[in-house]
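Asks: Pasting a predicted model and its sequence here:
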Amino acid sequence: MLNGVTAAVRRARLLVGVAVAILLLGLGIAYAAGPLGTADEPAANPSATAPGATRDDAATSVVRSGLPTVAPGGLPAEARRTLTLIDRGGPFPYARDGSVFGNRERLLPPQRSGYYHEYTVPTPGESDRGARRIVAGQSGEAFYTADHYRSFREVVR
């Protein structure tokens, strides 16, 4: 009888272990997929986007960074002008515009060195470049910071 009880306990422990492993795997997959939406945008339509991606209201751009988002109309006028210059390829008013952004803060999605480039967003009343920047990725994504890389919002176009 003791062997029967021991075998039952082993089976129960095995089943509990398998259930915990399945639960942890499911949580890991959900975590890897990222958020379904932020306070700035509605949740994604799962049939229209990849897992973890979200779309802006106009459904024109897929957002994958997990950062808060902003539409170009929500940016300062100077940032919108900088976006236009980036799209046109210049000319840029500051010598450092277009320089490689190293992402040392690790706030943007990880990419290889040289993937991101930074551009100055002029700040009225500042005698230097100020703190505002747009960082553009080689795939066309853009991120706005008003506080010199302490925080970013992905520009959804």
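Replies: It's in. A quick note: this is a predicted structure, and the numbers were derived from the prediction, not measured.

Asks: Over to residue 117: give its phi and psi.
Replies: When read as degrees, to the nearest 10, the backbone of residue 117 gives phi -130, psi 150.

Asks: Can you give me the neighbour number for it?
Replies: Residue 117 has 16 neighbouring residues, counting by other CB atoms under 10 Å. C-beta here means a position set from N, CA and C on the backbone, and glycine is covered the same way.

Asks: what do you get for residue 115?
Replies: 18.

Asks: And the pLDDT at it?
Replies: pLDDT, residue 115: 97.

Asks: Contact partners for the nearest residue to it once chain neighbours are set aside?
Replies: Closest residue to residue 115 apart from its sequence neighbours, by CB to CB, 6 or more residues apart in numbering: residue 138 at 5.3 Å. By CB atoms under 8 Å, 6 or more residues apart in numbering, the contact set of residue 138 is 111, 115-116.

Asks: Residue 138 and residue 156: what is the separation?
Replies: Separation of residue 138 from residue 156 (CB to CB, to the nearest Å) stands at 18 Å.

Asks: again with residue 65
Replies: For residue 65 relative to residue 156 (CB to CB), the value is 10 Å.

Asks: in the protein, which helix or strand is least confident?
Replies: strand 54-55 (a mean of 40; mean pLDDT, DSSP states H and E).

Asks: Please dump the contacts of residue 138 into a markdown table; it should also carry distance to residue 83 for every row.
Replies: Shown next, in a markdown table, are those (distance: CB to CB, whole Å):
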| residue | distance to residue 83 |
| --- | --- |
| 111 | 20 |
| 115 | 18 |
| 116 | 15 |
